[in-house]
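Asker: sequence and computational prediction follow.
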Amino acid sequence: QVQLVESGGGLVQAGASLRLSCAGSGGILSTYIMAWFRQVPGREREFVAGINSIGSRREYADSVKGRFTISRDNAKNTMYLEMNGLKPEDTAVYYCAARPTAVIATDMSLYYYWGQGTQVTVSS
(Lines give C-alpha, C1' and ligand atoms only; values in the text may rest on other atoms or scores of the structure.)
Protein backbone atom coordinates (compact mmCIF):
# COMPACT_ATOMS: atom_id res chain seq x y z
CA GLN A 1 0.00 0.00 0.00
CA VAL A 2 1.43 3.33 -1.10
CA GLN A 3 1.62 5.99 1.60
CA LEU A 4 2.42 9.66 1.02
CA VAL A 5 3.30 12.12 3.77
CA GLU A 6 3.63 15.85 3.16
CA SER A 7 5.65 18.27 5.25
CA GLY A 8 7.01 21.79 5.09
CA GLY A 9 3.89 23.89 5.26
CA GLY A 10 3.58 26.92 7.49
CA LEU A 11 2.67 30.57 7.91
CA VAL A 12 4.73 33.06 5.90
CA GLN A 13 4.46 36.61 4.66
CA ALA A 14 3.80 37.52 1.06
CA GLY A 15 6.95 37.27 -1.04
CA ALA A 16 8.50 34.56 1.10
CA SER A 17 9.50 31.05 0.06
CA LEU A 18 8.64 27.58 1.29
CA ARG A 19 9.65 24.09 0.24
CA LEU A 20 7.15 21.29 0.59
CA SER A 21 8.21 17.67 0.69
CA CYS A 22 6.26 14.50 -0.02
CA ALA A 23 7.80 11.29 1.27
CA GLY A 24 6.49 8.08 -0.21
CA SER A 25 6.63 4.45 0.83
CA GLY A 26 5.07 1.11 0.03
CA GLY A 27 5.35 1.15 -3.73
CA ILE A 28 7.61 1.62 -6.71
CA LEU A 29 7.14 5.37 -6.65
CA SER A 30 10.07 5.88 -8.99
CA THR A 31 7.79 4.68 -11.79
CA TYR A 32 4.79 6.83 -10.81
CA ILE A 33 3.60 10.20 -11.96
CA MET A 34 3.53 12.50 -8.94
CA ALA A 35 1.78 15.81 -8.50
CA TRP A 36 0.84 18.58 -6.12
CA PHE A 37 -2.72 19.80 -5.70
CA ARG A 38 -4.15 22.42 -3.39
CA GLN A 39 -7.54 23.14 -1.91
CA VAL A 40 -9.22 25.97 -0.08
CA PRO A 41 -12.49 25.52 1.83
CA GLY A 42 -15.52 25.58 -0.42
CA ARG A 43 -13.55 25.09 -3.60
CA GLU A 44 -12.48 22.09 -5.64
CA ARG A 45 -9.00 20.68 -5.26
CA GLU A 46 -6.88 22.14 -8.04
CA PHE A 47 -3.79 20.96 -9.87
CA VAL A 48 -0.61 22.86 -9.04
CA ALA A 49 2.24 20.90 -10.65
CA GLY A 50 3.11 17.44 -11.88
CA ILE A 51 6.27 15.55 -12.72
CA ASN A 52 6.95 12.36 -14.62
CA SER A 53 8.80 9.38 -13.21
CA ILE A 54 12.30 10.45 -14.20
CA GLY A 55 11.81 14.17 -13.73
CA SER A 56 12.26 15.02 -17.39
CA ARG A 57 8.78 16.47 -17.82
CA ARG A 58 7.01 18.98 -15.59
CA GLU A 59 3.69 20.71 -15.89
CA TYR A 60 2.41 23.69 -13.93
CA ALA A 61 -0.83 25.53 -13.41
CA ASP A 62 -0.72 28.97 -15.01
CA SER A 63 -1.16 30.57 -11.60
CA VAL A 64 2.19 29.23 -10.34
CA LYS A 65 4.36 29.19 -13.46
CA GLY A 66 7.62 30.98 -12.88
CA ARG A 67 7.22 30.91 -9.09
CA PHE A 68 6.94 27.21 -8.17
CA THR A 69 9.29 24.37 -9.10
CA ILE A 70 8.47 20.69 -8.76
CA SER A 71 11.23 18.11 -8.44
CA ARG A 72 11.80 14.60 -7.20
CA ASP A 73 14.56 12.43 -5.78
CA ASN A 74 13.71 8.83 -6.59
CA ALA A 75 16.58 7.51 -4.46
CA LYS A 76 14.80 9.05 -1.48
CA ASN A 77 11.25 8.38 -2.69
CA THR A 78 10.59 12.06 -2.17
CA MET A 79 9.00 14.81 -4.22
CA TYR A 80 9.38 18.53 -3.58
CA LEU A 81 7.62 21.77 -4.35
CA GLU A 82 9.79 24.87 -4.12
CA MET A 83 7.49 27.87 -3.78
CA ASN A 84 8.89 31.35 -4.28
CA GLY A 85 7.20 34.72 -4.37
CA LEU A 86 4.28 33.44 -2.36
CA LYS A 87 1.02 35.37 -2.56
CA PRO A 88 -1.99 35.39 -0.22
CA GLU A 89 -3.96 33.57 -2.93
CA ASP A 90 -1.55 30.64 -2.59
CA THR A 91 -3.03 29.97 0.85
CA ALA A 92 -4.44 26.43 0.83
CA VAL A 93 -3.93 22.90 2.01
CA TYR A 94 -1.39 21.33 -0.31
CA TYR A 95 -1.66 17.63 -1.15
CA CYS A 96 0.71 15.31 -2.94
CA ALA A 97 -0.67 12.61 -5.17
CA ALA A 98 0.61 9.71 -7.24
CA ARG A 99 -0.61 7.58 -10.12
CA PRO A 100 1.06 4.51 -11.63
CA THR A 101 1.01 5.70 -15.24
CA ALA A 102 3.27 7.62 -17.60
CA VAL A 103 1.08 10.67 -18.21
CA ILE A 104 0.76 13.73 -16.01
CA ALA A 105 -2.90 14.46 -15.37
CA THR A 106 -4.50 17.61 -14.00
CA ASP A 107 -7.73 15.86 -13.00
CA MET A 108 -7.59 14.84 -9.37
CA SER A 109 -9.90 11.88 -9.98
CA LEU A 110 -7.13 10.20 -11.97
CA TYR A 111 -4.78 9.97 -9.00
CA TYR A 112 -4.84 6.82 -6.90
CA TYR A 113 -2.83 7.80 -3.86
CA TRP A 114 -2.98 10.91 -1.69
CA GLY A 115 -1.22 12.37 1.31
CA GLN A 116 -3.01 13.95 4.26
CA GLY A 117 -2.13 17.52 3.25
CA THR A 118 -0.06 20.33 4.70
CA GLN A 119 -1.35 23.84 5.35
CA VAL A 120 0.29 26.81 3.66
CA THR A 121 -0.84 30.24 4.81
CA VAL A 122 0.47 33.43 3.22
CA SER A 123 -0.27 36.70 4.98
CA SER A 124 -0.39 40.02 3.18
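Answerer: Everything's here; your move. Residues are numbered from 1 along each chain as shown.
Asker: what residues are bridge-paired with the most centrally placed residue in the chain?
Answerer: For the chain, Trp36 is the residue whose C-alpha lies nearest the centre (CA atoms, centre = their mean; 2.2 Å). For Trp36, the beta-bridge partners are Ala49, Cys96 (DSSP bridges).
Asker: just checking, it touches Met83?
Answerer: No - using CB atoms under 8 Å, Trp36 is not in contact with Met83, being 9.5 Å away. All C-beta atoms are positioned from the backbone trio N, CA, C, and that covers glycine.
Asker: for Ser124, what are its contacts?
Answerer: Shown in contact with Ser124 (CB atoms under 8 Å, 6 or more residues apart in numbering): Gln13, Ala14, Pro88.
Asker: of the residues you listed, closest to Gly26?
Answerer: Pro88 (35.8 Å; CB to CB).
Asker: isn't that closest one up against Gly15?
Answerer: No - here Pro88 does not reach Gly15: they are 10.5 Å apart, not a contact under CB under 8 Å.
Asker: which residues do these two both contact?
Answerer: Residues touching both Pro88 and Gly15 (CB under 8 Å, 6+ apart): none.
Asker: report the contact partners of the residue nearest to the centre of the chain.
Answerer: Taking CB under 8 Å, 6+ apart, we find Trp36 in contact with 20, 22, 47-50, 70, 79, 81, 94-97.
Asker: can you list the contacts of Ser124 in TSV and add distance to Trp114?
Answerer: Listed next are these as TSV, based on distance: CB to CB, whole Å:
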residue	distance to Trp114
Gln13	29
Ala14	28
Pro88	25
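Asker: please produce a markdown table containing the residues you listed, extended by pLDDT.
Answerer: Below are these laid out as a markdown table (pLDDT from 0 to 100):
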| residue | pLDDT |
| --- | --- |
| Gln13 | 98 |
| Ala14 | 98 |
| Pro88 | 98 |
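Asker: who wins for neighbours among those?
Answerer: Counting neighbours by other CB atoms under 10 Å, Ala14 comes out on top of the contacts of Ser124 with 13 neighbours.
Asker: how much space between the nearest residue to Thr78 once chain neighbours are set aside and Glu46?
Answerer: Spatially, and ignoring its direct neighbours in sequence, Thr78 is nearest to Ala23 (5.1 Å; CB to CB, 6 or more residues apart in numbering). To Glu46, Ala23 is 23 Å away according to CB to CB, to the nearest Å.
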